[in-house]
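**Student:** what's the 3D shape of this:
(2 chains)
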There are 2 protein chains.
Amino acid sequence: MNFKQKVINTIKMKGSAVCVGLDVELGKLPQILKNEKDPVLKFNKEIIAATKEYSAAYKPNLAFYEQFGTKGFEYFEKTLELMGDDVLKIADAKRGDIGNTSKKYAKAFFETFNCDAVTVSPYMGEDSVTPFLEREDKGVFILALTSNKGSFDFQMQKMPDGRYLYEIVIEKISSWNINKNCGLVVGATHPQMFEGIRHLAPDMPYLIPGIGAQGGDLENTVKYGFVKDEVLALVNSSRGIIFASDGPDFAERAGEEAKKLRDMINSYM
Amino acid sequence: MNFKQKVINTIKMKGSAVCVGLDVELGKLPQILKNEKDPVLKFNKEIIAATKEYSAAYKPNLAFYEQFGTKGFEYFEKTLELMGDDVLKIADAKRGDIGNTSKKYAKAFFETFNCDAVTVSPYMGEDSVTPFLEREDKGVFILALTSNKGSFDFQMQKMPDGRYLYEIVIEKISSWNINKNCGLVVGATHPQMFEGIRHLAPDMPYLIPGIGAQGGDLENTVKYGFVKDEVLALVNSSRGIIFASDGPDFAERAGEEAKKLRDMINSYM
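**Tutor:** Have a look, this model is predicted:
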């Protein structure tokens, strides 16, 4: 099954387009976990158990694991195992390099770590992305228009034909999408751009960060970024879900926030 | 001491602008190491010992370590230790994310792994790069014009004012370089662009890949990419040095290739 279909099926089966960002930070862990042998893993385990019913995907961002060095990759590997097989496992790694090197990254995330998808940066062009596209069942979400302020620096540069750079990027990505396994990262902080982006790339899955702490606009994101018949977008929330409480009820509260986000998205559809 | 000065001093002290890319591949290791307990580490140890006299920097590319999963990060950590303190340790990671996430990557590479520099992708703009710039003694080499074919896809897009996108990128980077710790990645496969790039960014160190297997032009790279009085560029070779031989003489041959590259660069200066 190609990655696009896998996204559609998972969202349908779970009745949810929620992606939970597992961006663990030692300083924000609940007091109650401080004496655990492995507080990071214990935290992820409880968060996953509490949110799984309401989520279609998990997205650990590699930076939050690499900060611990080698130990962090053990956390990453074990966290992936905790997710089970009925959700999409997205490595938010924003990788990308010359061809023979991207090939090794693809091996790392798709074979060694067995993720379903990885985020990739497009700046180095076609041969930096295509090694990630060889397996139709594994997907990439390529940075198109990101949720941060810096998205205005280059992505929103105007080109000679009046389009933005990110539109050129999306056009190129469409031409690489032979195996139906390309997706886009589009930030919820740019809801006014979603209609145009969906027009450019009607049948690619989107990974949408920027809800919650970053202040994105959920209603318009769903209105313009989603596709009517088949849901083709995952809305990510990290801090808003996993750090909803730092008390002993942290997991319960995370579950409530995931459920609330699922229901809000579904109500806007 | 700021990173720029650290680059100048190291190149001067070593009498070399050579950077050795430690991009280890199991399939290319010499037969003689196959029965070692840790062939990867043994290989890196012998390569570093044989090339150290002729090199100013080492640049392990993270993809080649991540392919091994958690074990790979142990290799990465131990490889860094093998380099000693009189060379620059460059993590070729091409990272970059929203601010609070780039901050964790900076922590990973500058604190946890104690590298001197890391490569960063500019696509997400200012707040994705500046968290790497807080320590003046730690540097970033930001992708400007890369050595691969895909560099034509976006980096060489023409902007409305006639400039290329990579020139806009370099201009922005210059404005972020307050702590004198920004550098650029510029591929040796674009020697005709070097003169213009040096004009735009006269006092930033360059990390120059693309020599050797990628077919870059060393003579013109040195002629136009280097600066006359103080050498402000590192020329990287990976496969051309470390896989010069797969026989029992692999380390000796790597040393010879590093020496040859050092001497060629010095002769063109």
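**Student:** A:Gly255: what's it in contact with?
**Tutor:** A:50-51, A:53-54 (Cβ atoms under 8 Å, 6 or more residues apart in numbering or on different chains). All C-beta spots, glycine's among them, are computed from the backbone N, C-alpha and C.
**Student:** any idea which of the residues you listed is the one closest to chain B?
**Tutor:** A:Thr51 (20.4 Å; Cβ to the nearest Cβ).
**Student:** which one of the contacts of A:Gly255 sits closest to B:Gly150?
**Tutor:** Set against B:Gly150, the nearest of the contacts of A:Gly255 by Cβ to Cβ is A:Thr51 (37.4 Å).
**Student:** how far away is that closest one from A:Val231?
**Tutor:** 18 Å (Cβ to Cβ, to the nearest Å).
**Student:** can you map out the helices along chain A?
**Tutor:** In chain A, the helices defined using DSSP state H lie at A:3-14, A:39-51, A:63-66, A:70-82, A:99-106, A:126-129, A:165-176, A:191-200, A:218-225, A:239-242, A:250-268.
**Student:** which one of these is the most hemmed in?
**Tutor:** helix A:63-66 (a mean of 26; mean count of other Cβ atoms under 10 Å in any protein chain shown).
**Student:** in chain A, what secondary structure element scores lowest on mean pLDDT?
**Tutor:** helix A:218-225 (a mean of 90; mean pLDDT, DSSP states H and E).
**Student:** Hey, what's the angle from that one to helix A:250-268? Just curious.
**Tutor:** Helix A:218-225 and helix A:250-268 are oriented at 50 degrees to each other (axes from the mean of the first three to the mean of the last three Cα atoms, to 10 degrees).
**Student:** how much distance is there from helix A:218-225 to the middle of the chain?
**Tutor:** 17 Å (Cα atoms, centre = their mean, to the nearest Å).
**Student:** packing partners for it?
**Tutor:** Secondary-structure packing of helix A:218-225 (3 or more Cβ pairs under 8 Å, 6 or more residues apart in numbering or on different chains; DSSP states H and E): helix A:191-200, strand A:206-208, strand A:233-237, helix A:250-268.
**Student:** any residues touching it, and which ones?
**Tutor:** Helix A:218-225 is contacted by residues A:186, A:188, A:191-192, A:194-195, A:197-198, A:206, A:208, A:211, A:233, A:235, A:264-265, A:268-269 when judged by Cβ under 8 Å, 6+ apart.
**Student:** Tell me what angle it forms with helix A:191-200.
**Tutor:** Going by the same axes, to 10 degrees, helix A:218-225 makes 20 degrees with helix A:191-200.
**Student:** the inter-axis angle of helix A:218-225 versus strand A:233-237?
**Tutor:** Going by the same axes, to 10 degrees, helix A:218-225 makes 160 degrees with strand A:233-237.
**Student:** Okay, A:Asp23 and A:Asp92: tell me how far apart.
**Tutor:** From A:Asp23 to A:Asp92 the distance is 8 Å (Cβ to Cβ).
**Student:** Export the contacts of A:Gly255 as a markdown table, with columns for pLDDT and distance to chain B.
**Tutor:** Converted to a markdown table, the contacts of A:Gly255 look like this (pLDDT from 0 to 100; distance: Cβ to the nearest Cβ, whole Å):
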| residue | pLDDT | distance to chain B |
| --- | --- | --- |
| A:Ala50 | 98 | 23 |
| A:Thr51 | 98 | 20 |
| A:Glu53 | 98 | 27 |
| A:Tyr54 | 98 | 24 |
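**Student:** Can you tell me which residue of the stretch 151-269 of chain A sits closest to chain B?
**Tutor:** For the stretch 151-269 of chain A, Cβ to the nearest Cβ, closest residue to chain B: A:Asp153, 3.2 Å.
**Student:** I'd like to know the predicted local confidence at that residue, please.
**Tutor:** pLDDT recorded at A:Asp153 is 98.
**Student:** Tell me where the model's unsure across chain A.
**Tutor:** Of all residues in chain A, none has pLDDT under 70.
**Student:** Out of all residues in it, which is the farthest from the middle?
**Tutor:** A:Pro160 (31.5 Å; Cα atoms, centre = their mean).
**Student:** got the contact list for the residue nearest to that residue when sequence neighbours are not counted?
**Tutor:** Closest residue in space to A:Pro160, ignoring its immediate chain neighbours: B:Pro160 at 5.0 Å, by Cβ to Cβ, 6 or more residues apart in numbering or on different chains. Applying Cβ under 8 Å, 6+ apart, one finds that B:Pro160 lies in contact with A:158-160.
**Student:** do that again at 10 Å, thanks
**Tutor:** A:157-162 (Cβ atoms under 10 Å, 6 or more residues apart in numbering or on different chains).
**Student:** so what's the residue of the stretch 151-269 of chain A closest to chain B closest to, chain neighbours aside?
**Tutor:** That would be B:Gly125: by Cβ to Cβ, 6+ apart, it lies 3.2 Å from A:Asp153.
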